[in-house]
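**Student:** Pasting the sequence and the predicted model now:
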Amino acid sequence: ISRARSLDIRVNTLYCGDESSARNTEWASGARLGGGTYASIDQNQRIEEIPTPFDDAIFRLNEVLNGTYLGYGKRGKAALERQVYQDALNSEYSPSAGLSRVNSKAGSNYATASWDLVSAVEEGDVDLEEVEEKDLPDELRELNATEREAKLEALAAKRAATQEEIRELSEKREQFLAKARKNSAEQSVALDDALIQALRIQAEEEGFAFED
């Protein structure tokens, strides 16, 4: 801890378990010496799922979004199937996990150009005219060059519009959840709450400001 502090690194400690055990094992002291924050959480606490009026609409938009991808080449079809499978897997784990995944798919960091022809052409990674017939998705094989280009442009436009709708609804969903959590009588601390609270306090100490 002393070595970390000499490098201007803060040490935070987070104990998963009974609070009395945390005190007895000096977890709080570690954070104090490290100039960080200490917190304890109940690792068995079930995360509360709060439904919002926007959930169903976001899931429906995700289905529309998935319809804008065209897998190409040897791994395109498998990658597209894997994307849909991962959507279902996250939603099965919890609605919030599924909705978070949909929101991430609407962001600029969600990369698909390695298997999705719409993204590959739009980003300039692939020249549509140079894609071999055998590597084209089924949806394009019966079309001529002009029709293929128009098809990709239409899908790209539809995707951008759908992603914008998802982002807008996701923002409204987060606002709804923030208000619901604020009004909740539940006082136990979840892992993400503990981390966010600690980082916010330390960032403010370093001169960062946050908008509530």
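**Tutor:** Okay, I see it.

**Student:** Next up, identify which helix or strand the closest residue to Thr37 other than its chain neighbours is on.
**Tutor:** Closest residue to Thr37 apart from its sequence neighbours, by C-beta to C-beta, 6 or more residues apart in numbering: Ala198 at 3.7 Å. C-beta coordinates here come from the backbone N, C-alpha and C atoms, glycine included. Element membership for Ala198 (DSSP states H and E) is helix 191-205.

**Student:** quick one: Ile103 and Ile166 touch, right?
**Tutor:** To be clear, residue 103 is Asn; Ile isn't right here. Yes - applying C-beta atoms under 8 Å, one finds Asn103 in contact with Ile166, separated by 6.5 Å.

**Student:** intersection of neighbour lists for those two?
**Tutor:** Contact criterion C-beta atoms under 8 Å, 6 or more residues apart in numbering; residues shared by Asn103 and Ile166: Ile58.

**Student:** More neighbours: these two, which one.
**Tutor:** Ile166 (25 against 20; other C-beta atoms under 10 Å).

**Student:** that's a helix at the more buried one, yeah?
**Tutor:** Yes - judged by DSSP: H, G, I helix; E, B strand; the rest coil, Ile166 forms part of a helix.

**Student:** pretty sure it is touching Val102, no?
**Tutor:** Yes - counting by C-beta under 8 Å, Ile166 touches Val102, with 6.1 Å between them.

**Student:** what's the overlap in contacts for these two?
**Tutor:** Counting by C-beta under 8 Å, 6+ apart, the common neighbours of Ile166 and Val102 are Ile58, Leu61, Asn62, Leu65.

**Student:** picking that back up, show the model's pLDDT score for the residue nearest to Thr37.
**Tutor:** Predicted confidence (pLDDT) for Ala198: 78.

**Student:** which residues touch it?
**Tutor:** Here Ala198 is in contact with Asn12, Gly36, Thr37, Ala39 (C-beta under 8 Å, 6+ apart).

**Student:** Pull out the buried positions in the helix or strand of the chain with the lowest mean pLDDT.
**Tutor:** Ranked by mean pLDDT, DSSP states H and E, the weakest helix or strand in the chain is helix 19-24, scoring a mean of 74. Of the residues in helix 19-24, Ala22 count as buried by neighbour count, 16 or more other C-beta atoms under 10 Å.

**Student:** quick one, phi/psi of Ser100?
**Tutor:** For Ser100, the backbone dihedrals are phi -70, psi -40 (criterion: degrees, to the nearest 10).

**Student:** Roughly how far does it sit from Asp87?
**Tutor:** 11 Å (C-beta to C-beta, to the nearest Å).

**Student:** which intervals of the chain have sub-threshold pLDDT?
**Tutor:** Low-confidence segments of the chain (pLDDT under 70): 43-48, 184-192, 194, 212.
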